[in-house]
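S.K.: how does the following fold in three dimensions:
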Amino acid sequence: MTTTEQPLLLAAVTLLSALHMGLQTRRVGRSRKKFKIFPPTVTGPPEFQRTFRAHQNGVEFYPMFLVVLWTCGLFCNEALAVVGGLVYIVAREMYFTGYSHSAEKRLPGFYLIIIVLLTLSTITGISITLSLLDKYLKIKVI
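M.R.: Numbers count the residues shown, from 1 in each chain. Sure, this is the predicted structure:
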């Protein structure tokens, strides 16, 4: 595979998302320090618990995000996947920052996260279905 054939933009967005996840991990660490909450304790003042949960929710969604990002990029359209990935990262930051301040402020980021995941998943599902129909059943829909 030559450099021009490699999914460089997907790799770049994946690296950016991993660095962003690391930044959020660091913010949880700072919150632990601020409120003197030592691992493995995960309870404390509401401010700490919201920050901790915001990060945990990101960790829980991360595998789904990576699967959707890469399947869309490889089987549908890399540019579309990259745009979706960048919007996802912004939405994840909106969610984290909002949730850290109050539970209600997490919702705009959460809704945007869901919209990105559903949009990329739907587009990718349709693309893969059409490819499967064409390849294995010789049915060309488009």
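
S.K.: so where's the chain uncertain?
M.R.: Scanning the chain for pLDDT under 70 picks out the ranges 1-3.

S.K.: what about the residue of the chain most remote from its centre, distance to R53?
M.R.: Distance from the C-alpha centroid of the chain, by CA atoms, centre = their mean, peaks at K138 (34.8 Å). Going from K138 to R53 by CB to CB, to the nearest Å gives 50 Å. Backbone N, C-alpha and C define where each C-beta goes, glycine included.

S.K.: before we move on, what about T71?
M.R.: 28 Å.

S.K.: kindly report the same for L117.
M.R.: Counting by CB to CB, the gap from L117 to R53 is 19 Å.

S.K.: show the contacting residues for T51.
M.R.: 27-28, 31, 96, 99-100 (CB atoms under 8 Å, 6 or more residues apart in numbering).

S.K.: go again using 10 Å as the cut-off
M.R.: Applying CB atoms under 10 Å, 6 or more residues apart in numbering to T51 gives the contacts 24, 27-32, 34-35, 44-45, 96-97, 99-101.

S.K.: any idea which element it lies in?
M.R.: Following DSSP states H and E, the helix or strand that holds T51 is helix 46-75.

S.K.: what comes up buried for that helix?
M.R.: Going by neighbour count (16 or more other CB atoms under 10 Å), the buried part of helix 46-75 is 48-55, 57-58, 61, 65, 68-73.

S.K.: same check, this time on stretch 94-112
M.R.: 94-100, 106, 109-110, 112.

S.K.: no further questions, thank you.
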